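Participant: Give the three-dimensional model of this entry:
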Amino acid sequence: MGEDETMLMELDKKECLLKKGKWETYQSNYDNIFSSMLTFFEIETLGEWHERAFQAMDSQSDIDLHPIKNQRRYLILLFIAFIWITTFLILNLIITILISSYQL
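Facilitator: Numbering: from 1, shown residues only. Model (predicted):
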């Protein structure tokens, strides 16, 4: 990686675009409600949830800023809590359906 590329990685979105850089976001993100729902569904199905957790940990609290490694480590607790809650809810739903289907 050259010096110019390193400088572009430390810019916010506006500065990056002014210097003719390319601003890219992750495919799974929380930029709007639809991509947020899709990302949460992906996490709920345990499909690459750890990658989404690391991406969230690298994010910043303000929008359009470059990621900083392990900036918000506490977000991993949100992901673990979300996985535990959704897993128990789905398991509870399956058990309820099985019990109700075998009742006479």
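Participant: Quick one: low-confidence residue ranges for the chain.
Facilitator: In the predicted model of the chain, residues 1-10, 104 satisfy pLDDT under 70.
Participant: for it, what spans make up the helices?
Facilitator: Using DSSP state H, the helices of the chain run over 3-9, 13-18, 33-44, 49-58, 75-102.
Participant: could you redo those as JSON lines and give each row mean neighbour count?
Facilitator: Backbone N, C-alpha and C define where each C-beta goes, glycine included. Formatted as JSON lines, the helices of the chain follow (neighbours: other CB atoms under 10 Å):
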{"stretch": "helix 3-9", "mean neighbour count": "11"}
{"stretch": "helix 13-18", "mean neighbour count": "13"}
{"stretch": "helix 33-44", "mean neighbour count": "14"}
{"stretch": "helix 49-58", "mean neighbour count": "17"}
{"stretch": "helix 75-102", "mean neighbour count": "11"}
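Participant: Can you check which of those gets nearest to residue 26?
Facilitator: Closest to residue 26 of the helices of the chain is helix 49-58 (CB to CB; 5.4 Å).
Participant: Looking at the helices of the chain, spot the one closest to residue 67.
Facilitator: helix 49-58 (3.9 Å).
Participant: Name the residues that touch the closest one?
Facilitator: Residues outside helix 49-58 that contact it (CB atoms under 8 Å, 6 or more residues apart in numbering): 26, 28-29, 39, 42-43, 67-73, 75-76, 78-79, 83.
Participant: can you do 7 Å?
Facilitator: Helix 49-58 is contacted from outside by 26, 28, 39, 42-43, 67-73, 75-76, 79, 83, using CB atoms under 7 Å, 6 or more residues apart in numbering.
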